[in-house]
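**Q** This is the structure alone, sequence omitted:
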């Protein structure tokens with residue numbers, strides 16, 4: 001993602017473009033898969049952990065990223081494909097590799113619609129599958 005695109009996307013979501021926010025956004029976009037906070041730290045040596053976390057928190061509040069539970073107690077962050085500043089309608093499945101501990105987006109696999117009992121209001125849904133990714137499967 002280019003600098004100009006990053007600035008436009010931040011502006012579209014009502015977020016002031018600072019150098020740290022642009023770096024965090026570009027890192028997520030270039031990764032092509034959800035990243036944990038520690039993975040972000042490893043890729044962004046010029047930004048401290050609290051700066052990355054503050055940017056991610058702000059991005060979540062403005063529906064620029066969403067957090068995914070990685071199935072082992074941590075969070076991974078990914079850019080929302082919907083690019084709406086007031087909601088996140090980007091519902092797709094995720095896959096967690098139990099060997100390399102990476103999380104992958106499966107954009108082509110939609111989260112199934114589930115009927116909930118009367119009185120319940122679904123605010124979000126997560127669909128996580130676990131197993132071996134293609135690279136780890138080849139090593140077996």
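**A** On my side now, so go ahead. Note that the structure is predicted; figures quoted are calculated from it, not measured.

**Q** where do the strands sit along this structure?
**A** Secondary structure of the chain, counting by DSSP state E: strands at 35-36, 65-69, 75-79, 92-97, 103-110, 128-131.

**Q** As CSV, those with mean neighbour count and distance to residue 46 would be great.
**A** The C-beta positions use only the backbone N, C-alpha and C, and glycine is treated the same way. Listed next are these as CSV, based on neighbours: other Cβ atoms under 10 Å; distance: least, Cβ to Cβ, whole Å:
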stretch, mean neighbour count, distance to residue 46
strand 35-36, 21, 16
strand 65-69, 19, 20
strand 75-79, 22, 18
strand 92-97, 19, 29
strand 103-110, 15, 24
strand 128-131, 12, 32
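
**Q** Now for the residue lying closest to residue 10 once chain neighbours are set aside, how many residues are close by?
**A** Closest residue to residue 10 apart from its sequence neighbours, by Cβ to Cβ, 6 or more residues apart in numbering: residue 17 at 4.6 Å. Using other Cβ atoms under 10 Å, residue 17 has 15 neighbouring residues.

**Q** who's in contact with residue 17?
**A** Neighbouring residues of residue 17 by Cβ atoms under 8 Å, 6 or more residues apart in numbering: 6-7, 10-11.

**Q** Quick check: the gap between the residue of the chain positioned farthest from its centre and residue 7.
**A** In the chain, counting by Cα atoms, centre = their mean, residue 118 sits farthest out from the average C-alpha position, at 30.7 Å. Distance, residue 118 to residue 7, by Cβ to Cβ, to the nearest Å: 46 Å.

**Q** now do residue 53
**A** 21 Å.

**Q** now residue 78
**A** In terms of Cβ to Cβ, residue 78 sits 20 Å off from residue 7.

**Q** hang on, isn't residue 106 packed against residue 96?
**A** No. Look at residue 106 against residue 96 with Cβ atoms under 8 Å: they stay out of range, at 11.0 Å.

**Q** Can you check which residues contact both of the two?
**A** residue 129.
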